[in-house]
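1. Sequence first, predicted model second:
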Amino acid sequence: MNPLERRLADPVAARRLYLGISAGLGLLFLLLLVWPLADLLLEQRAAIQAAELQRQAQGTLAGRVEKLLAEQAALATLDGLPADYLPGDSPDLAAANLQALLGQRLAAVGGRLIGTGLVEPADLPEGAGGDQRITARLDAALSHAQLRDLLLGLEGGQPRLIVVGMRLAAGGEAGAPLSLTLTVSGLRKPVPGGAE
């Protein structure tokens, strides 16, 4: 008898061998059964984590959208603030303030003031909501760079002003200042019960 047959003849050894083979086959069967299930569970876990990350990102975006909408509403309330309008309790005071403002902005850029005056805005519509349009003329002498800075200061500053007309003539000599006639409009908010 060979050694394997002798071992198998012993009932205890045969039982151990049988249990070992059965356990190995059972473990192999369990591994073959659990492996696809484990893979499926890992895929589901990854999908759940991805969905959670997406939900967090959407929550963050929703918070940002709400914040942006609140900022937009705040900016909309800023439109039409008193700083946007020419100061003055009457149209005459607002016109005087506009002329003074034109002179100040011209002086700030270094131009030479020739004169200012009021313009009747016959062809210009009134502002929205009953706002009164005040229009003035500015006559000045200045350089190209000063003109650029003046236009930027007028249309980019407060109160809101709009250049509605411009006539520009070059000086006769090289390097001579430009001759400028500028027509500028601003809005005045009527004061309830104020002098009109």
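-> Looks like it arrived, so ask away. Residues are numbered from 1 along each chain as shown.

2. Now the element after the worst-scoring helix or strand of the chain on mean pLDDT, going C-ward?
-> The least trusted helix or strand in the chain, going by mean pLDDT, DSSP states H and E, turns out to be helix 3-9, with a mean of 73. Where DSSP states H and E defines the elements, the next helix or strand beyond helix 3-9 is helix 11-78.

3. Residue 160 is in contact with residue 188, isn't it?
-> No - using CB atoms under 8 Å, residue 160 makes no contact with residue 188, being 11.3 Å away. The way it works is simple: take the backbone N, C-alpha and C, and place the C-beta from them, glycine included.

4. Who has more neighbours out of these two?
-> Between residue 160 and residue 188, counting by other CB atoms under 10 Å, residue 188 is the more crowded of the two (23 against 17).

5. contacting residues around that one?
-> Residue 188 sits next to 85, 86, 88, 91, 94, 131, 132, 133, 134 when contact means CB atoms under 8 Å, 6 or more residues apart in numbering.

6. same thing but 7 Å
-> Residue 188 sits next to 85, 86, 88, 91, 94, 131, 132, 134 when contact means CB atoms under 7 Å, 6 or more residues apart in numbering.

7. Any chance of these in JSON lines with secondary structure and distance to residue 26 as columns?
-> As requested, the contacts of residue 188 are exported to JSON lines (DSSP: H, G, I helix; E, B strand; the rest coil; distance: CB to CB, whole Å):
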{"residue": "85", "secondary structure": "coil", "distance to residue 26": "89"}
{"residue": "86", "secondary structure": "coil", "distance to residue 26": "94"}
{"residue": "88", "secondary structure": "coil", "distance to residue 26": "98"}
{"residue": "91", "secondary structure": "helix", "distance to residue 26": "101"}
{"residue": "94", "secondary structure": "helix", "distance to residue 26": "97"}
{"residue": "131", "secondary structure": "coil", "distance to residue 26": "90"}
{"residue": "132", "secondary structure": "strand", "distance to residue 26": "96"}
{"residue": "134", "secondary structure": "strand", "distance to residue 26": "97"}
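
8. of the residues you listed, the lowest pLDDT goes to which?
-> In terms of pLDDT, the least confident member of those is residue 131, at 79.

9. Tell me the spacing between that residue and residue 186.
-> For residue 131, the distance to residue 186 equals 10 Å [CB to CB, to the nearest Å].
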